[in-house]
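Engineer: Structure here, sequence nowhere to be found:
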């Protein structure tokens, strides 16, 4: 098997671009995809994003956390540099932790239409309380819909213990 050819990567404008612009406003349009070379196989892609920052919508103080994204791709996959820039765009976005995780999941569903996805935030405690919102989605009418229901009902609250292999 040979590697990918440049002509198959023409839709990727950020990867390899030395003139990267960082948006300080929520910017879902920065997300880019590439073709999944193995759509006949179910497999996980996992991102661990330990430097996520967003703002409290009331106090405007920063909230810090790690975002875990795991998905089973279909035809399209998210390009990682665009994902980094997208997550950076939450830096000045004022929303609650639970909202931010659902927004991220919804944007990735709209972008890729994955077979299955879960997004989990593990936020640094404030005032002695840690908030760890989890959301998932399985494509309706498929085994992944049932998988999402099962995962939600049997969810272990420690992402470092999850083995999606």
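Structural biologist: Cool, got the structure. In this text the structure is predicted, and so the values were computed from the model without any measurement. Numbers count the residues shown, from 1 in each chain.
Engineer: only C-alpha atoms for contact and neighbour calcs from this point on.
Structural biologist: Fine.
Engineer: now the worst-scoring helix or strand of the chain on mean pLDDT, how far from the centre of its chain.
Structural biologist: Lowest by mean pLDDT, DSSP states H and E among the helices and strands of the chain is helix 143-153, with a mean of 87. Mean-position distance between helix 143-153 and its chain equals 18 Å (CA atoms, centre = their mean, to the nearest Å).
Engineer: now do stretch 127-147
Structural biologist: On CA atoms, centre = their mean, the centre of stretch 127-147 falls 12 Å from that of its chain.
Engineer: Kindly report the same for stretch 124-135.
Structural biologist: That offset, for stretch 124-135, works out to 18 Å (CA atoms, centre = their mean).
Engineer: Residues contacting it, please?
Structural biologist: 63-65, 97-98, 101-102, 105, 118-123, 152, 157 (CA atoms under 8 Å, 6 or more residues apart in numbering).
Engineer: ok, 10 Å please
Structural biologist: 63-69, 96-102, 104-106, 117-123, 148, 151-152, 155, 157-159 (CA atoms under 10 Å, 6 or more residues apart in numbering).
Engineer: now swap in stretch 78-85 and tell me
Structural biologist: With CA under 10 Å, 6+ apart, stretch 78-85 has contacts from 12-16, 20-24, 26-36, 45, 47, 49, 51-52, 71, 86-89, 104, 108, 111-112, 114.
Engineer: Would you write a PyMOL line that selects the buried entries of the residues you listed?
Structural biologist: This is how PyMOL selects the buried members of the contacts of stretch 78-85, with burial counted by 16 or more other CA atoms under 10 Å:
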select buried, resi 12+14+23+26+27+28+30+31+32+33+34+35+52+71+86+87+88+89+104+108+111+112+114
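Engineer: Where does residue 50 sit, in terms of helix or strand?
Structural biologist: Element membership for residue 50 (DSSP states H and E) is strand 45-55.
Engineer: Residue 118 bridge partners, please.
Structural biologist: Beta-bridge pairing for residue 118 (DSSP bridges): residue 70, residue 136.
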